[in-house]
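**Q** after the sequence you'll find the predicted model.
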Amino acid sequence: MNHITLTTTFLIYIFLMLFVGYLGWRQTSDLSDYILGGRRLGAFVTALSAGASDMSGWLLMGLPGAVFLSGISEAWIAIGLTIGAWCNWRWVAGRLRVYTEYSGNALTLPDYLANRFEDRTHWLRLFSALVILVFFTIYCASGVVAGARLFSALFDVAYPTALWIAAVATISYVFIGGFLAVSWTDTIQASLMITALIMVPLMVIYADGGPAASLAVIHEAAANLEPGSVSYTDLLHKLDFIAVVSLLAWGLGYFGQPHILVRFMAAKSLAEIKPARRIGLTWMILCLAGAVAVGFFGIAYFHSHPNAAVSANPETVFIELSRLLFTPWLAGMLLAAILAAVMSTLSCQLLVCSSALTGDIYHVFFRRAASNRELVWVGRAMVLFVALVAIFIAGDPDSRVLKMVSYAWAGFGASFGPVILISLFWKDMTRNGALAGMIVGAITVIVWKQGHYFGLYEIVPGFILASCAVLVCSKIGASPSAKMRETFARVAGAVEE
């Protein structure tokens with residue numbers, strides 16, 4: 001591929017993102033603007049920014065690579081995610097948008113939990129901020145790995161150099177523009193991602209001679225492997241009940257992902273949620289179907305056209321197909337979609353970490369009298385701090401993007417998922433229940449991950465035990481105050497109107 005053409009395409013894209021960051025900077029005057037955009041996102045931006053911040057580099061690298069390696073059975077992840085996303089939009093989005101406004105105009109999840117349960121000890125705020133920092137740092141590292149792998153493969157530079165290029169490209173516009181810049185760029189990046197995930201599989205099918213010819217080659221490829229090792233077209237191949245449950249359980253994670261929930265909080269009004277749900281889910285289904293198709297039909301293409309890079313690392317299947325099947329300019333645009341996926345999620349995660357450190361720790365515990373200007377600049381400094389830690393974790397070039405994402409996804413899903421979900425629908429939930437749920441969820445995920453017991457994805461026991469902890473411990477200690485019950489009733493009334 002013409003490296004000058006490719007480099008030019010990437011530079012144009014990165015400068016466009018920086019320009020959007022500058023526009024966001026011009027409209028950022030206080031901490032609310034920097035970390036929540038002043039709650040003025042419309043339905044379209046809310047939908048696409050939620051989707052883009054959700055679907056990180058694993059969408060174009062991890063998922064196609066898993067399908068390419070193991071076959072269509074890996075599509076259970078996509079099915080679980082689609083179900084989970086619909087439930088999240090249907091039952092959490094609108095209620096959370098209203099509740100955060102009624103709970104002291106909460107700007108972050110720790111802020112919401114502290115206000116929702118009138119926690120004056122700050123234990124809820126502190127522990128939830130720590131959970132965000134631990135698991136998001138791992139999540140951020142996965143994004144840096146994906147970006148580094150992209151630059152390393154395309155420009156033939158050493159992995160450490162590619163690591164810094166990928167990180168600097170993202171950090172710049174988050175540092176400058178904050179939430180508005182991230183949301184606007186997410187909308188652009190989501191559009192680029194869905195274009196790439198429609199074009200690439202269609203071109204692969206065409207290059208293979210059509211769907212029927214592709215399936216014939218895939219069956220031939222499976223026949224040449226060790227008997228019983230892979231069945232590319234069997235949705236249940238080598239999957240028992242626990243394996244299917246584990247893959248579907250990815251959907252549970254949606255209820256606790258701070259970078260997605262914060263998009264619901266930033267919507268202009270409750271009325272924006274319903275159209276945003278329709279837009280967001282349509283975008284998501286098309287993207288997931290495209291990612292699965294890239295991996296699946298890529299099996300046929302690379303069986304007929306062996307490729308050393310894909311054989312060495314299946315997560316490069318989208319990269320290699322784009323390079324081989326399209327002109328340099330078009331390939332550059334399609335490969336920029338990977339950078340878009342990485343930048344959209346990584347930028348949002350850096351911002352959520354920054355808001356936890358700034359609003360929930362620095363402002364509450366160290367500088368209550370800090371001005372808005374000071375908090376914005378502390379927030380920018382925290383973006384740099386978290387990014388440096390993530391770069392350090394991402395230093396291993398053999399890291400697997402999907403593996404890192406699955407750990408962080410489970411951590412948030414189990415720690416925050418039951419707490420957020422139950423807090424929105426159960427008036428008798430208390431601070432003790434919320435704190436116990438987060439602690440039990442986080443510890444279960446960490447312990448289960450080490451032992452990988454029964455082959456069950458750690459989010460399943462984490463979610464179940466955290467839910468039990470919320471329900472049991474909410475019955476211990478003081479009952480909810482009259483004000484908490486009143487706010488709950490007001491939220492319920494506003495959502496049902």
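**A** Noted; the coordinates are in hand.
**Q** so where is the stretch 201-350 of the chain shaky, pLDDT-wise?
**A** For the stretch 201-350 of the chain, applying pLDDT under 70 flags the ranges 222-239, 343-344, 347-348.
**Q** ranges for the helices of it?
**A** Remark: helices assigned in the stretch 201-350 of the chain by DSSP state H, counting those that start in this stretch are 211-223, 241-248, 258-265, 273-304, 308-312, 317-325, 328-355.
**Q** and those helices: which comes nearest Gly51?
**A** Checking the helices of the stretch 201-350 of the chain against Gly51 by CB to CB gives helix 273-304 as the closest, at 5.0 Å. To be clear about C-beta, it is placed using only N, CA and C from the backbone, and glycine gets the same treatment.
**Q** one step back: could I get the helices of the stretch 201-350 of the chain as a markdown table with distance to Ala414?
**A** Compiled in a markdown table, these are given as follows (distance: least, CB to CB, whole Å):
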| stretch | distance to Ala414 |
| --- | --- |
| helix 211-223 | 36 |
| helix 241-248 | 13 |
| helix 258-265 | 13 |
| helix 273-304 | 22 |
| helix 308-312 | 34 |
| helix 317-325 | 30 |
| helix 328-355 | 17 |
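**Q** ok, which of those comes nearest Tyr453?
**A** For Tyr453, the closest of these is helix 241-248, at 10.2 Å, according to CB to CB.
**Q** surely Gly477 meets Thr430?
**A** Yes: counting by CB atoms under 8 Å, Gly477 does reach Thr430; the two are 6.5 Å apart.
**Q** these two: which is more packed in?
**A** Thr430 (24 against 10; other CB atoms under 10 Å).
**Q** gap between the more buried one and Ile338?
**A** Noted for Thr430: a distance of 45 Å to Ile338, by CB to CB, to the nearest Å.
**Q** out of the helices of the stretch 201-350 of the chain, nearest to Ser406?
**A** Checking the helices of the stretch 201-350 of the chain against Ser406 by CB to CB gives helix 241-248 as the closest, at 9.6 Å.
**Q** with just CA atoms, put that closest one into PDB.
**A** Coordinates of the C-alpha atoms in helix 241-248 are reproduced here as PDB (Å, rounded to 0.1, in the frame of the first residue of the first chain):
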ATOM      1  CA  PHE A 241     -24.600 -24.700  28.400                       C
ATOM      2  CA  ILE A 242     -22.000 -22.800  30.500                       C
ATOM      3  CA  ALA A 243     -20.200 -21.500  27.400                       C
ATOM      4  CA  VAL A 244     -23.400 -20.200  25.900                       C
ATOM      5  CA  VAL A 245     -24.400 -18.500  29.100                       C
ATOM      6  CA  SER A 246     -21.000 -17.000  29.500                       C
ATOM      7  CA  LEU A 247     -21.100 -15.500  26.000                       C
ATOM      8  CA  LEU A 248     -24.700 -14.200  26.400                       C
END
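**Q** from the contact counts, what lies against it?
**A** If you count contacts as 3 or more CB pairs under 8 Å, 6 or more residues apart in numbering; DSSP states H and E, helix 241-248 packs onto helix 76-87.
**Q** quick one: average pLDDT of the helix it packs on?
**A** Mean per-residue pLDDT for helix 76-87: 91.
**Q** also stretch 135-150?
**A** Averaging pLDDT along stretch 135-150 gives 78.
**Q** just the CA coordinates of that stretch, formatted as PDB?
**A** This file holds the C-alpha atoms of stretch 135-150, laid out as PDB (Å, rounded to 0.1, in the frame of the first residue of the first chain):
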ATOM      1  CA  PHE A 135     -11.200  -1.300  35.700                       C
ATOM      2  CA  PHE A 136     -11.100   1.700  33.400                       C
ATOM      3  CA  THR A 137      -7.400   1.800  33.500                       C
ATOM      4  CA  ILE A 138      -7.400  -1.800  32.200                       C
ATOM      5  CA  TYR A 139     -10.100  -0.900  29.700                       C
ATOM      6  CA  CYS A 140      -8.100   2.100  28.500                       C
ATOM      7  CA  ALA A 141      -5.000  -0.100  28.100                       C
ATOM      8  CA  SER A 142      -7.000  -2.300  25.800                       C
ATOM      9  CA  GLY A 143      -7.700   0.700  23.600                       C
ATOM     10  CA  VAL A 144      -4.100   1.700  23.500                       C
ATOM     11  CA  VAL A 145      -3.100  -1.800  22.600                       C
ATOM     12  CA  ALA A 146      -5.600  -1.800  19.700                       C
ATOM     13  CA  GLY A 147      -4.300   1.500  18.400                       C
ATOM     14  CA  ALA A 148      -0.700   0.500  18.800                       C
ATOM     15  CA  ARG A 149      -1.300  -2.700  16.900                       C
ATOM     16  CA  LEU A 150      -3.000  -0.700  14.100                       C
END
